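K.L.:
Pasting the sequence and the predicted model now:
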Amino acid sequence: LTQDELKTLVGQAALQYVLPGSIVGVGTGSTVNKFIDALATIKDQVKGAVSSSEASTARLKALGIPVLDSNEVVELAVYIDGADEIDHQGHMVKGGGAALTREKIVAAQSLQFICIADESKLVKTLGQFPLPVEVIPMAAKRVVRQFAALGGVATIRLKDGQPLVTDNGQIILDVTGLQISDPLAFESQVNQWPGVVTVGVFAYQKAQVCLLGTAEGVKTLVF
Ligand code: DER
């Protein structure tokens, strides 16, 4: 099975967590796109979605799925999203798609985080994947220095040669060289730094379930 086929498998498997008549929390990325395509096949059975990015919003609307504002909804039953890394406790590194801030917001208003991922994302310790951090531009260099003090090498993510600008008008640092052995402590620590909007460690908003696409089919991990 190719990686794309594994993503399709888990995207379709996530439908089983969608309650009839519910509003679904929808993440961002190529695996979530497979879920959105699958959700469209049962769109008459759902009320709509709360989206975590302009990209997902566009795809949902193009497929005729109503998109609601996060402030119109108190609580979502499930949030379906991918990850760049997930460890054996359900902690994740996210932000490869630059949507980490709104992803964490929608995850926070959801009762269950269902992560959908191909098996390459399951790791023992977070930190191999360059950690995305959304920052206010004027704080960028100082935050780079603070990561350097932790042994991390932070670079500003570029798009067409210019700093990528997120849906929220901020920029993204990608940090290599970190070993995140205590995700909760690390997320708390970096959240304190002035100018950090969101750090791409999802420990407080960890996944309760991971649908893992493997050559043997979909494995359901429960944390
Ligand atoms: O940006 C994100 O957090 C995405 O969910 C990303 O981590 C997963 O994207 P992928 O499904 O395209 O690998």
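P.N.:
It's in. Numbering: from 1, shown residues only.
K.L.:
The residue nearest to residue 195 when sequence neighbours are not counted in helix, strand or coil?
P.N.:
Closest residue to residue 195 apart from its sequence neighbours, by C-beta to C-beta, 6 or more residues apart in numbering: residue 139 at 2.2 Å. C-beta here means a position set from N, CA and C on the backbone, and glycine is covered the same way. When classified by DSSP: H, G, I helix; E, B strand; the rest coil, residue 139 comes out as helix.
K.L.:
how about residue 139, what does it touch?
P.N.:
193-196 (C-beta atoms under 8 Å, 6 or more residues apart in numbering).
K.L.:
can you check residue 42 too?
P.N.:
Taking C-beta under 8 Å, 6+ apart as the test, what residue 42 contacts is 15, 18.
K.L.:
Can I get the contacts of residue 139 in a markdown table including secondary structure?
P.N.:
Output for those, formatted as a markdown table (three-state DSSP):
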| residue | secondary structure |
| --- | --- |
| 193 | coil |
| 194 | coil |
| 195 | coil |
| 196 | strand |
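K.L.:
Distance check, the nearest residue to residue 214 once chain neighbours are set aside against the ligand.
P.N.:
Once flanking residues are discounted, residue 214 sits nearest to residue 119: 4.6 Å by C-beta to C-beta, 6+ apart. For residue 119, the distance to the ligand equals 12 Å [C-beta to the nearest ligand atom, to the nearest Å].
K.L.:
Repeat that for residue 131.
P.N.:
Distance from residue 131 to the ligand, by C-beta to the nearest ligand atom: 11 Å.
K.L.:
Please look at that residue and residue 196 and confirm they touch.
P.N.:
No. Residue 131 lies out of contact with residue 196 (C-beta atoms under 8 Å); the separation is 11.7 Å.
K.L.:
Between these two, which has more neighbouring residues?
P.N.:
residue 131 (28 against 18; other C-beta atoms under 10 Å).
K.L.:
What is the nearest of the contacts of residue 139 to residue 103?
P.N.:
Closest approach between the contacts of residue 139 and residue 103, by C-beta to C-beta: residue 196, at 15.6 Å.
K.L.:
what pairs with the closest one across the strands?
P.N.:
Under DSSP bridges, the beta-bridge partners of residue 196 are residue 135.
K.L.:
hang on, isn't it packed against residue 146?
P.N.:
No. Contact criterion C-beta under 8 Å: residue 196 and residue 146 do not qualify, at 9.0 Å.
K.L.:
Go through stretch 89-103 and flag the buried ones.
P.N.:
For stretch 89-103, burial by neighbour count (16 or more other C-beta atoms under 10 Å) applies to 90-103.
K.L.:
ok, the residue nearest to the spatial centre of the chain - contacts?
P.N.:
Closest to where the C-alpha atoms of the chain average out (C-alpha atoms, centre = their mean) is residue 94, at 4.6 Å. Shown in contact with residue 94 (C-beta under 8 Å, 6+ apart): 81-84, 100, 103-104, 132, 200, 202.
K.L.:
Out of those, which sit inside strands?
P.N.:
Among the contacts of residue 94, the members falling in strands are 81, 132, 202 (criterion: DSSP state E).
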